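S.K.: Structure for the following, please:
(one chain, ligands or ions: 1)
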Amino acid sequence: MAQRRGIPIILSSPSGAGKSTLSGLLRKWDPTISFSVSATTRAPRPGEEDGREYYFVTRDAFQEMVDTGKMLEHAEVFGNFYGSPLGPVEAALSAGRDVIFDIDWQGGQQIRGSSLAQDLVSIFILPPSIKELEARLRKRGQDSDEVIDKRMAQSWQEISHWAEYDYCIINRDIDESAEQLRTILTSERLRRTRQSGLVDFVRGLSEEYGERDT
Ligand code: 5GP
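M.R.: The predicted structure follows:
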């Protein structure tokens, strides 16, 4: 059996604040961390691969997953549906692997109301400014002007939920933010209540006392 259950880590931010890059850097730092691959009805962007960034599914297939209880949470974002399949998440957490969710505030709220709430760590990534957020979205070159305008119009709605999160990182510099993210996870892993092997460890220390010649 795993020493501890994995930690579900929610990362939310407005589109373009750097959440995907940060989640990638965290997994590079610790490859044991799982990424919850969401299902979505949106079309793949150039370079995206089915099963890696997302499972790209039809609306019918998505609805079927919801109706049969296979989604941990789901929401409509920018006119498309997104959801986190429950099975892989449960498997990773019970094997002691931490799991990152790159999801919006609606998904965050649903997971806070789920059976994962107790172990949850949630982190909100803020852009240094709205001007910078827009510049990053345009530089990314992945979306049309129309989609970018739509995302900018909705970014405030996402930002307005910042205070629902345990931690906030202002992403001024990607390396500094990645370091902060690693610090958060390292600290959370060290919480006494998560270290299930501690009782045995301290019992061992106590036995050592008994064995000392005084
Ligand atoms: P994008 O289309 O840019 O990949 O994602 C758009 C938004 O949907 C992002 O804010 C992303 O975090 C959110 N999102 C991605 N997957 C999920 C999911 O499974 N559930 C929810 N609630 N939001 C998601």
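S.K.: Residue of this structure closest to the ligand, please.
M.R.: Here the chain gets closest to the ligand at one residue, Gly107, 2.6 Å apart by CB to the nearest ligand atom. All C-beta spots, glycine's among them, are computed from the backbone N, C-alpha and C.
S.K.: Which strand or helix spans that residue?
M.R.: helix 105-112 (DSSP states H and E).
S.K.: which element follows that helix toward the C-terminus?
M.R.: Per DSSP H and E, the first helix or strand lying C-terminal to helix 105-112 is strand 121-126.
S.K.: Only alpha carbons, please: show that following strand as PDB.
M.R.: Only the C-alpha atoms of strand 121-126 are listed here, as PDB (Å, rounded to 0.1, in the frame of the first residue of the first chain):
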ATOM      1  CA  VAL A 121      -4.400  22.000  -2.400                       C
ATOM      2  CA  SER A 122      -5.600  24.800  -4.700                       C
ATOM      3  CA  ILE A 123      -3.400  27.500  -6.300                       C
ATOM      4  CA  PHE A 124      -4.400  30.500  -8.400                       C
ATOM      5  CA  ILE A 125      -2.000  32.000 -10.900                       C
ATOM      6  CA  LEU A 126      -2.500  35.800 -11.400                       C
END
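S.K.: Does it reach the ligand?
M.R.: No - applying CB under 6 Å from any ligand atom, one finds strand 121-126 separated from the ligand by no less than 10.2 Å.
S.K.: Run through the neighbouring helices and strands of that strand.
M.R.: strand 8-12, strand 167-170, helix 174-190 (3 or more CB pairs under 8 Å, 6 or more residues apart in numbering; DSSP states H and E).
S.K.: again, only this time at 10 Å
M.R.: In this structure, strand 121-126 packs against strand 8-12, helix 19-29, helix 105-112, helix 145-159, strand 167-170, helix 174-190, with contacts taken as 3 or more CB pairs under 10 Å, 6 or more residues apart in numbering; DSSP states H and E.
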